[in-house]
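A.B. asks: Sequence first, then the predicted structure, then my questions.
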Amino acid sequence: MAELGKIENEQIEEVGQEQEAITLVLGVIGADVHAVGNKILNYTFTKAGFNVVNLGVMVSQKEFVEAAIEADADAIIVSSMYGHGEIDCKGLREKCDEAGLSDILMYVGGNIVVGKQDFEQVEKTFLEMGFNRVYAPGSDPLVAIEHLKKDLGRVDK
């Protein structure tokens, strides 16, 4: 995701000005301990007016689902930087469905596969796994904010 220094506070506040209370569950999935991107996303989403439940690093699928239920979340935001996101994310949509969260948005981003792979194929794989949006390494969090508003029907017409 983008470097914190490159994200201007005015940009974040402008994107989030009309923001109703949207609740996000955020975390780094699996055995991944990369916390910097998580902190950037937490800061950006919070500054934009979202209610963020940040689970931190090394989060299991079960923890994502339980937190989403407890917080009555609108979306689950999964990040991974160690390349094993494809393995760690398999079955998350099914776990959400089983828990009654079939309508929850699921976004994933970061270095989510091993090695350099064609991003279009990576995106296709994760969309087929039930994710609504897939972000390449270095994606701007402001884009995700706009996608959340659009996907939740909260875009100003």
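C.D. replies: Perfect, I can see it now.
A.B. asks: Only C-alpha atoms from now on, for both contacts and neighbour counts.
C.D. replies: Noted.
A.B. asks: where along the protein do the strands fall?
C.D. replies: 23-28, 51-54, 75-80, 105-110, 133-135 (DSSP state E).
A.B. asks: Make JSON lines from those and add mean pLDDT to it.
C.D. replies: Below are these laid out as JSON lines (pLDDT from 0 to 100):
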{"stretch": "strand 23-28", "mean pLDDT": "98"}
{"stretch": "strand 51-54", "mean pLDDT": "98"}
{"stretch": "strand 75-80", "mean pLDDT": "97"}
{"stretch": "strand 105-110", "mean pLDDT": "97"}
{"stretch": "strand 133-135", "mean pLDDT": "98"}
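A.B. asks: Any chance of TSV for these, columns mean neighbour count and distance to K90?
C.D. replies: Shown next, in TSV, are those (neighbours: other C-alpha atoms under 10 Å; distance: least, C-alpha to C-alpha, whole Å):
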stretch	mean neighbour count	distance to K90
strand 23-28	27	14
strand 51-54	20	21
strand 75-80	26	12
strand 105-110	23	12
strand 133-135	21	14
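A.B. asks: The residue most central in space within the chain pairs with what?
C.D. replies: Central residue of the chain (C-alpha atoms, centre = their mean): I77, 2.1 Å from the mean position. For I77, the beta-bridge partners under DSSP bridges are L26, Y107.
A.B. asks: My guess is S102 contacts L92. True?
C.D. replies: No: counting by C-alpha atoms under 8 Å, L92 is not a contact partner of S102; they are 10.8 Å apart.
A.B. asks: coming back round to it: show me what contacts the residue nearest to the centre of the chain?
C.D. replies: 24-27, 106-108 (C-alpha atoms under 8 Å, 6 or more residues apart in numbering).
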